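*Asks:* the following block contains a protein sequence and its predicted model.
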Amino acid sequence: MITLIDRSFEKDVKNLPKEIQQRLKKVIEQLQIANSIVDVGAEKLAGAPQAYKIRIGNYRVGLYKEGDHIILS
């Protein structure tokens, strides 16, 4: 799947602890080779048909699926 990263997401990631940044990098790599967004442990959000979240430690990453693209925001 093609993974796109929102500019504000990039900025927020820079403020995270290094351990969380490394774990997030692994999740992004998994997203790029995954057949489905749920293969990497993403949970669908209620009320938004294309919105998902992935929990990394005490943090949550918002994902939006648009066709074959996944947008991290």
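*Replies:* Looks like it came in fine.

*Asks:* for the longest strand seen in the chain, which helices and strands make contact with it?
*Replies:* What stands out as the longest strand in the chain, according to DSSP state E, is strand 59-66. If you count contacts as 3 or more C-beta pairs under 8 Å, 6 or more residues apart in numbering; DSSP states H and E, strand 59-66 packs onto helix 18-33, strand 51-56, strand 69-72. Just so you know, the C-beta spots here come from the backbone N, C-alpha and C atoms, and that holds for glycine as well.

*Asks:* so what's the residue nearest to residue 43 when sequence neighbours are not counted bridging to?
*Replies:* With sequence-adjacent residues excluded and distances taken as C-beta to C-beta, 6 or more residues apart in numbering, residue 43 is closest to residue 53, at 5.6 Å. Under DSSP bridges, the beta-bridge partners of residue 53 are residue 43, residue 62.

*Asks:* shift numbering so it begins at 590
*Replies:* Got it, first residue is 590 now, which makes that one residue 642.
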